[in-house]
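S.K.: Generate coordinates for the sequence data below:
(chains A, B, C and D, ligands or ions: 4)
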Amino acid sequence: MAYFIPTAAEDVAPAEVAEVDLYHPHSFVTKYVFSQDAKVIAIQYSFTAIAIGLVALVLSWLMRLQLGFPDTFAFISAEAYYQFITMHGMIMVIYLLTALFLGGFGNYLIPLMVGARDMVFPYVNMLSYWIYLLAVLVLLASMFVPGGPTGAGWTLYPPQAILSGTPGSGAGIILMLVSLALFIVGFTMGGLNYVVTVLQARTRGMSLMRMPLTVWGIFVATILALLAFPALFVGAVMMSLDKILGTSFFMPAIVEFGELSDYDGGSPLLFQHLFWFFGHPEVYIVALPGFGIVSDLLATHARRNIFGYRMMVWAIVIIGGLSFIVWAHHMYVSGMNPYFGFFFATTTLIIAVPTALKVYNWILTLWKGNIHLTIPMLFAIGFIVTFVNGGITGLFLGNAVVDVPLSDTMFVVAHFHMVMGVAPILVIFGAIYHWFPKITGRMFNQTLGQIHFWVTFLGAYAIFLPLHYLGLLGVPRRYYEMSDTLFIPESAVTLNAFVSVVALTVGVAQVIFLFNMIWSAYKGKKADPNPWRATTLEWQTPENPPAHGNFGPELPVVYRWAYDYSVPGAKEDFIPQNVPQEEVPNTEGGLGLPMPAAHQPAE
Amino acid sequence: MAHAEAQAGSHDIGQQHPLGIYFKIWAWLFVLSAASYAVDYFQLEGALRWSLILIFMMLKAGLIVAVFMHMMWERLALLYAIVVPPLLVLVFVVIMALESDYTFETREIFFAIGP
Amino acid sequence: MSFFRQLTEKSWLPGRSKGELPEGSVYYLPAQTIAVRLIMMVATVVFSLFVVAYGDRMALSDWHRFSEPSILWANTVVLILSSVAWHWATINARQGRLDGVKTGLLAGGGLALVFLIGQFMAWRQLADAGFYADTNPAYAFFYLLTAVHALHLLGGLVAWGRTVLRVWRGVAVAKVRLTVELCAVYWHFLLVVWLVLFALLWFT
Amino acid sequence: MIAAILVLLVVVGTVVFHFWSPWWWTEIASNWGYVDDTIIVTFWITGVVFIAVLLFVVYCMVRYRHREGQKAEYEPENAKLEWWLTGLTTLGVAGMLTPGLFVWGQFVTVPDDAVEVEVLAQQWTWAYRLPGEDGILGTSDTKIITFENPFGVNPDDPHGQDDVLVESDELHLELDQPVKVLLRSIDVLHNFYVPQFRAKMDMVPGAITYYWLTPTRTGTFDILCFELCGVGHHAMRGLVVVDETGAYESWVDEHPTFAEAMEEARNEMSTEPKLVLKQDDAATGARAVTQ
Ligand code: HEA
Ligand code: HEA
Ligand code: CUA
Ligand SMILES: [Cu+2]
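M.R.: Ligands and ions are numbered 1, 2, ... in the order given. Next comes the predicted model:
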């Protein structure tokens, strides 16, 4: 690493960025199926992720049906229920969010936003997608093997994950582990691309601190993923061996329904540590790209520079680093050495500080802005509301003593749905609306967008807010049915039914979204090349949607950061990154130089 | 303070105001030494005591290395970029070592036949 | 611009004139080199975590010490030779000598194959003696760690195969030089990993 | 405008829901009132921030919404403001963390006068073991569990002989007597949780975990298994009864000691066939070589 170059002017300035060997497709198959163009791969990733995500969404309806109306649906047995939650959780976290943010948005946006023609290793990029698809197929296959998919919870804790008392403990769990291993291999290939592309293939003038925060978020999340997924890989490999070969890595001596098993001496907690050493960074892997994207949505639609850009970047990096030393906050009541609680409670709450700073900077971006309440903006605001709510409940759980009564209750479920199941999903929706005109060249329908937003935002909030209080009451998570207790009032059942009804409504509302997207892609109004009047490079492509190679014969040159909105003295309220200073006279005020009096803002 | 520093210009931190920064460092060293003495003074015990003393020591060493020995911020930033990831894995290693000792002990205490 | 200054840059301040614009890369390095380093970083994490798990499991009392098959010593020597051969190939590639590159490649890859066969024989020896993966975690780890290492080596051999094909098809030495160098680096890396693993297995 | 009002409604609705909803924790029955206090502190600190942040968003949505001719202000950063906010947040965090750590310290430090009781979990039932006259629980092991010795108590350990075995889902505890609850599982992970006690901990096969509490109120409370343990997880229930001292002692007396249970089993054995357990295959091949 002693190779950091001083890229400063005082050094020999090398010529333009080395051209990536552009791969040129020759037939339909190489253009759209086995494509090596990052934009096509992005679309492939996104469609696959959304398709499998919809499966998980349907599973969540089934779960809600059971929880809201127990004893009503004969086809949902206890086995089935546990299989549903496991598949639901795993698909949503890994196969939907991780794949969509990094594989989908990463592939589409990184090259365009940093001014590259494509990813640095297009072939590896293509492989990455196909391995991901294979992982998804293996996962789907696990639903159709004898015994069904695993029902061990998405945390897959041994010993139960591989013992007969758990549904899907035969082929189900093995396929799950295989699928995860495949995902990790495929992801690593993609991840290499994102990191190397950001480091080496930026266009001239695009210094690190001129990158849009979207790229920063995806970049740091990718690095986290490269470092964290190995832990899951190691755990998955060792658990498969315990299952298949009968080794005892995680398996102590066990009496399984009256019979002593052959296992001996292993430590189940070892798996939990490995899992969460991966698992906690994982939740930030799905949060950081969301943080980045939402920053850009806010800045663009509030016509204001993102507030405190440098702090925002540093916060992303610091959060990323810290996320590796908080993992055991998932294990306060796991039976680990109890003295770890002090350390992990402290690190966990420290992480709230940089995160809070990000929240403040988002709302300070709105402050003194010029807010256009477009659909993406609405989703961004929805994100702030739900993220702050969910983040704050994280602070409850992070404080070891408070976690003791709340752990494994619906409070935890509410926390992570707010902060992960709703907030980033809102960002994804916002981002899809935002970049839809770029990807398809057409505009979506505004009214449908409004309806979709309000139903999803208010609905999701109404689903998960009450669950906190059920958790406080002591209603456990992962319970097929609560049946009789001495302490849960009858009204809790009603509340659960209400939640289920809302969940189904919100679920159905997604049809509006799908319809809007599909219909608009063919029939929507032709969109402006830069409908939001945004500064970043992806909006400055010569063709719309961008063609193969992204930028035509010459790569753009970047003269400014990504947030020159409402610069005093400028004619327009945005200056694209590739506009040189000479072309926008009178804008020195925005650049920290004394401002000509005539250009003082009105207020 | 940090504000002022940022104002000093991102271009040449530490080079435009060499004297100012030396004074600042000197003050910090003073504060850190005072903190180390305070650990003694308040008779903090056990792991806390040693970890605090070590932390203060390392902070001081880092400061001296970074500034007085002219390695400056540049290398420090580099150093962090290289050193921090292994450190994070190291935290995992330490925690796991403690954890396996703990498991071993509970087994020794409560279980009949050393398995 | 230096690294620290890149990250503290006030990027909204007055733009530079065209000639002064920073170039779009952080390192003076080919992308492939960075990619290989990243791969080695990820592999390092994988192996460290396996080693941590090893240490954790070893501390529990059912751990059983055993003496590894002595063929491992021979295998270690073979792997070292393989690394040396790669180094030789690199030197020749730098000097543009095709023959040397060819010899180096054949020897490097061939010895690696020999190493893999040797590792397989070590497995056979253990298994024949009645020590299986489920016999004791110590054996399980032995099989596991050697297998994971072998898989990494196999991955390297894929790159090796592609290079060999290119060289024999007559691609200019200059064009494969980087690949050869990177393979060599990866081989040295795997050698170091093996030495660590071997020491760990042998002494515990 | 409507958007701002709706967001405002979300904030107001949240607060209203918080104060007026009937769903709140059950009345506490142990000494862990500190835990509740910490939760309350956390609610206040985070609640204030939550409301402040979102009201500010609503304010911005109204005050700075786009109008003809309006221009946003250009302000790349304001380090001073950011540092202030960071400082305040740190204070808020410290305000929650400090009491939290103190209470955690108590939670992990068992008082000397605590008596031990062991909870034994298996798919999907509970059983209990009390230390008996000598106040010490005998050692145990999963590998010696048999039909006659379902607790796997070490028969050679003198401390184990007088251990009282409770093979029932119901556990009694003595009022105001601190107990150290030792948790043991013989198959998979479970978790012994009584909502009124506020304390829980996973039970891990191959380890003994613990927590401690003092029951402060008599009554009958639900025991729930709080860690997914297979299909029967949701049905793994039990009851804990907190008794006055007299009632507690007579409950204890109803149960056999380990020595008595073994004796009885031996008598029955002569008539009933022995349940054969899979042997540790110590005698066969590989394992013999390794041991
Ligand atoms: C995107 C995903 C995501 C994110 C970002 C977070 C963020 C956080 N999470 Fe969450 N978490 C999950 C996903 C996520 N979590 C998941 C999936 C689980 C459950 C896994 C399972 O068991 O199945 C979980 C579980 C979980 C637990 C374990 C609970 C248990 O099982 O018992 C804990 C405990 O510490 C925790 C804590 C936190 C904390 C402190 C944060 C912090 O990062 C939050 C920081 C944010 C804020 C704090 C809000 C902004 C701040 C302000 C506006 C100012 C605040 C003011 C003050 C500090 C005064 N989370
Ligand atoms: C990102 C992650 C994510 C998301 C989006 C969701 C969405 C939902 N989840 Fe999920 N859930 C998890 C992650 C997620 N969940 C995890 C990790 C678990 C733990 C599993 C375990 O315990 O092992 C869990 C568990 C869990 C439980 C607890 C079960 C139990 O413990 O007994 C419940 C119960 O109500 C539930 C309900 C729902 C509902 C009603 C929805 C939704 O219906 C909410 C409303 C819908 C939306 C906001 C729209 C989302 C749209 C899509 C997902 C479609 C695809 C995307 C595009 C078209 C872009 N989930
Ligand atoms: Cu036992 Cu859940
Ligand atoms: Cu976490």
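S.K.: Give the helix, strand or coil label for the residue of chain B found nearest ligand 1.
M.R.: In chain B, the residue found nearest to ligand 1 is residue B:95; the distance is 15.8 Å by CB to the nearest ligand atom. The way it works is simple: take the backbone N, C-alpha and C, and place the C-beta from them, glycine included. Classification of residue B:95 by DSSP: H, G, I helix; E, B strand; the rest coil places it in helix.
S.K.: residues contacting it?
M.R.: Residue B:95 makes contacts with A:273, A:328, A:340, as judged by CB atoms under 8 Å, 6 or more residues apart in numbering or on different chains.
S.K.: Just to check, residue D:163 is in contact with residue D:135?
M.R.: No - the criterion here is CB atoms under 8 Å, and residue D:163 misses it with residue D:135 at 10.5 Å.
S.K.: The two: which is more packed in?
M.R.: residue D:163 (26 against 11; other CB atoms under 10 Å in any protein chain shown).
S.K.: rewinding a little: please list which of the contacts of residue B:95 also come close to chain B.
M.R.: A:273, A:328, A:340 (CB under 8 Å from any CB of the partner chain).
S.K.: ok, the first one to residue A:335 distance?
M.R.: From residue A:273 over to residue A:335 the distance is 12 Å, taken as CB to CB, to the nearest Å.
S.K.: Equivalent analysis for the second one, please.
M.R.: With distances taken as CB to CB, residue A:328 is found 12 Å from residue A:335.
S.K.: Spell out which parts of chain B neighbour ligand 2.
M.R.: By the rule CB under 6 Å from any ligand atom, no part of chain B lies against ligand 2.
S.K.: List the contacts of the closest residue to chain D within chain B.
M.R.: Chain B approaches chain D most closely through residue B:112 (3.4 Å), counting by CB to the nearest CB. Contacts were defined as CB under 8 Å, 6+ apart; by that measure residue B:112 touches D:138-141, D:144, D:152, D:154, D:156-157.
S.K.: mind redoing it with 7 Å?
M.R.: D:139-141, D:144, D:154, D:157 (CB atoms under 7 Å, 6 or more residues apart in numbering or on different chains).
S.K.: Run through chain C and note the low-pLDDT ranges.
M.R.: C:1-4, C:14-20 (pLDDT under 70).
S.K.: host element of the residue of the stretch 151-300 of chain A found nearest ligand 1?
M.R.: Checking the stretch 151-300 of chain A residue by residue against ligand 1 with CB to the nearest ligand atom singles out residue A:283 as nearest, at 3.5 Å. For residue A:283, the host element (DSSP states H and E) is helix A:268-301.
S.K.: Helix or strand next in line after that helix, which one?
M.R.: Counting by DSSP H and E, what follows helix A:268-301 is helix A:309-322.
S.K.: list the helices and strands that next one packs on?
M.R.: helix A:213-244, helix A:268-301, helix A:340-366 (3 or more CB pairs under 7 Å, 6 or more residues apart in numbering or on different chains; DSSP states H and E).
S.K.: Would you mind giving these as CSV with distance to residue A:65 and mean pLDDT added?
M.R.: Compiled in CSV, the helices and strands packed on helix A:309-322 are given as follows (distance: least, CB to CB, whole Å; pLDDT from 0 to 100):
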stretch, distance to residue A:65, mean pLDDT
helix A:213-244, 31, 95
helix A:268-301, 26, 95
helix A:340-366, 35, 94
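S.K.: With adjacent residues omitted, what lies nearest to whichever residue of chain A sits closest to ligand 2?
M.R.: Taking CB to the nearest ligand atom as the measure, chain A has residue A:89 as its residue closest to ligand 2, at 2.7 Å. Counting by CB to CB, 6 or more residues apart in numbering or on different chains, residue A:89 lies nearest to residue A:154, which is 3.3 Å off, once chain neighbours are set aside.
S.K.: List the residues that contact the one you found.
M.R.: Contacts of residue A:154 (CB under 7 Å, 6+ apart): A:86, A:89-90, A:93.
S.K.: ok, now how distant is it from chain B?
M.R.: Look at residue A:154 and chain B: by CB to the nearest CB, to the nearest Å, they are 22 Å apart.
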